[in-house]
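Engineer: give me coordinates for this.
(one chain, ligands or ions: 2)
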Amino acid sequence: MPANLTPQYLAAEEEYRRARTIEEKIAALRKMWAYLPKHKGTDKLQADIKAKLSRLKKELEEEKKSGKRRTGFYVKKEGAGQVVLVGPPNTGKSSLLKVLTGKEVNIADYPFTTQMPDVGMMPYEDIQIQIVDLPPITKERFVYWQIDIIRGADLLLIVLALDDGDSVFVFDDLIELLKEKNIIPIGEGKGGMELFGPVKKKTIVIANKADLDGADEVLEFLKEEVVKNRYPVYPVSCKIKENLLGLKKLIFNSLGIIRVYTKEPGKPPSLEDPLILKEGSNVKDAAGKIHKDFAKNLKYARVWGSSRFPGQRVEQDYILKDKDIVEFHI
Ligand SMILES: Nc1nc2c(ncn2[C@@H]2O[C@H](COP(=O)(O)OP(=O)(O)O)[C@@H](O)[C@H]2O)c(=O)[nH]1
Ligand SMILES: [Mg+2]
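Structural biologist: Numbering: from 1, shown residues only. Ligands and ions are numbered 1, 2, ... in the order given. As a prediction, the model looks like this:
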């Protein structure tokens, strides 16, 4: 944080953090701007405040024009799955979004940088996975649209930091908050929605900043005393880009999806743009992804990959595996 920030400025920043409506946010940002000492050391902060102000003003304009009152955010799913980053401030969520997806985001030592969802696409082998970074969430401070986005996501990454901050100590509070909101984080098994009941959400704990001195001890403490085998704990460093390939693989494996390539008889398979199916899907499900009638008229299929021999003839209920190639016969 730049030096020489006045108490008035810090108060305005606090006001901004608590602001809920666009108008409140704009008012607080204007105060921050007024109280911010303008010199080289605050260049980035000045730019951040200006960018936020203009974005919010535009939002307000749009709201007025459409006559609609926007109460939150919604992130349309894209790619093979939606993964949401959740955690207390300063644990490196924005940094993780950047290293996984390349998305340029605000990364800073002060906690109010991300006030709306930030979205990027993470390439994994031949598919893309959507990563959504949410504003910091703590038991004391969250907004409803954050809960809604978490509820709808395919995978939850709780991002903590192996530094001397308190993120590992607030982990249980965060889990409790989610449970209060009918979201049950689970370490193993299948996530999913029940019609009226709580939603089970597959969850991984990311232990970031593994590069720091003493990180090993904090990791040990986190695993032994805090998480206690309830969830997988995966250490990474965004700073020195450690374990990121492994994390990508873990994310893919945790999404519970498979890729299936299709081919026409007598032609080579199309190895681009695989069908994305839930783990456990069969040949009929795959056909249905292409067209409803296709599934109805399907007689049999041939499979390369998981089958006992290449091009083996299989029935509709044959369970497909990741990277199988299927040839449909109707
Ligand atoms: N040492 C270290 N610092 C990190 C790492 N990842 C992020 N940081 C720093 O932690 C601070 C907060 O990062 P940011 O991504 O904005 O966290 P967020 O508030 O969770 O989005 C910044 O100063 C980052 O440079 C890491 O792997 N190692
Ligand atoms: Mg952030």
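Engineer: what residues of the longest helix along the chain count as buried?
Structural biologist: Secondary structure assigned by DSSP state H gives helix 43-66 as the longest helix of the chain. The neighbour-count check on helix 43-66 (16 or more other Cβ atoms under 10 Å) flags 45-46, 48-49, 52-53, 56, 60 as buried. Any C-beta I mention is one placed from the backbone N, CA and C, and that applies to glycine too.
Engineer: repeat for stretch 309-325
Structural biologist: Buried residues in stretch 309-325 (16+ other Cβ under 10 Å): 314, 318, 320, 323-325.
Engineer: save these as a markdown table, and put in pLDDT too.
Structural biologist: Shown next, in a markdown table, are those (pLDDT from 0 to 100):
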| residue | pLDDT |
| --- | --- |
| Val314 | 97 |
| Tyr318 | 98 |
| Leu320 | 98 |
| Lys323 | 97 |
| Asp324 | 98 |
| Ile325 | 97 |
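Engineer: in strands, which of those residues appear?
Structural biologist: The strands in this structure, assigned by DSSP state E, contain 314, 324-325 from the buried residues of stretch 309-325.
Engineer: can you redo those residues as TSV with distance to ligand 1?
Structural biologist: Shown next, in TSV, are those (distance: Cβ to the nearest ligand atom, whole Å):
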residue	distance to ligand 1
Val314	46
Asp324	37
Ile325	39
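Engineer: return the member of those nearest to Lys200.
Structural biologist: Closest approach to Lys200 among these (Cβ to Cβ): Asp324, at 27.2 Å.
Engineer: the residue of the chain most remote from its centre and ligand 1, how far apart?
Structural biologist: Ranked by distance from the centre of the chain (Cα atoms, centre = their mean), the top residue is Gly266, with 40.8 Å. Noted for Gly266: a distance of 51 Å to ligand 1, by Cβ to the nearest ligand atom, to the nearest Å.
Engineer: all helices of this structure, in order?
Structural biologist: So, for the chain - with DSSP H - the helices run 7-18, 22-35, 43-66, 93-101, 144-152, 171-180, 215-221, 244-254, 283-290, 292-297.
Engineer: which one of those helices lies nearest to Gln82?
Structural biologist: Comparing these by Cβ to Cβ, helix 144-152 comes nearest, at 7.3 Å.
Engineer: what angle separates that closest one from helix 171-180?
Structural biologist: Inter-element angle recorded for helix 144-152 and helix 171-180: 80 degrees (by axes from the mean of the first three to the mean of the last three Cα atoms, to 10 degrees).
Engineer: helix 144-152: which residues count as buried?
Structural biologist: Result for helix 144-152 [16+ other Cβ under 10 Å]: buried residues 145-147, 149-152.
Engineer: list of residues touching it?
Structural biologist: The contact list for helix 144-152 (Cβ atoms under 8 Å, 6 or more residues apart in numbering) reads 71-75, 77, 82, 84, 86, 117, 132, 134-135, 137, 156, 178, 181-183, 199, 201.
Engineer: go again with 10 Å.
Structural biologist: For helix 144-152, the external contacting residues (Cβ atoms under 10 Å, 6 or more residues apart in numbering) are 70-75, 77, 82, 84, 86, 116-117, 132, 134-137, 142, 156, 177-178, 180-183, 185, 193, 198-199, 201.
Engineer: kindly report the same for stretch 220-235.
Structural biologist: For stretch 220-235, contacts defined as Cβ under 10 Å, 6+ apart pick out 156-158, 160, 162, 167-172, 175, 185-188, 202-211, 215-216, 218-219, 242-243, 246-247, 250-251, 254.
Engineer: that'll do, ta.
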